[in-house]
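Chemist: The sequence isn't on hand, but the structure is:
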């Protein structure tokens, strides 16, 4: 059973930045596509970005292009989500999810991911 842990959330002013991390307890994330999702109070969970297990190809939702960046460390232990130019509407719980696959493209829809972390809160407020 893959256990994912998110970290790096917090309170930030509008225009600020945060870097979220996603790791797996006791193992690497090699061979897993990783997706980042978020859910704001009263809203449905939405996709942010994903990174494939092969070639590290990435995909982004239109509303975060140019502001958020997903990446993976060389050791394949951590997947990051860099959040820049944060806005109050970015306030949400951010989740990472994993799918064991050898595909060179990542799945963008949450229903494809069987493993989920508990989330980390990001609050953007002045």
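Modeler: That came through fine. The shown structure was predicted, so the numbers you read here are calculated from the model rather than taken from an experiment. Numbers count the residues shown, from 1 in each chain.

Chemist: For the closest residue to residue 122 other than its chain neighbours, give me the backbone phi and psi.
Modeler: Spatial nearest neighbour of residue 122, excluding adjacent residues (Cβ to Cβ, 6 or more residues apart in numbering): residue 9 at 4.7 Å. All C-beta spots, glycine's among them, are computed from the backbone N, C-alpha and C. Note on residue 9: its backbone torsions stand at phi -70, psi 170 [degrees, to the nearest 10].

Chemist: do the one 4 residues further on as well
Modeler: Dihedral angles phi and psi of residue 13 (degrees, to the nearest 10) take the values phi -80, psi 160.

Chemist: how about the residue lying closest to it once chain neighbours are set aside, what does it touch?
Modeler: With Cβ to Cβ, 6+ apart as the criterion, residue 13 has its nearest non-adjacent residue at 5.6 Å, and that residue is residue 126. Listed by Cβ atoms under 8 Å, 6 or more residues apart in numbering, the contact set of residue 126 reads 13-14, 88.

Chemist: I'd say the residue nearest to residue 122 and residue 22 touch.
Modeler: No. Using Cβ atoms under 8 Å, residue 9 is not in contact with residue 22; the gap is 11.6 Å.
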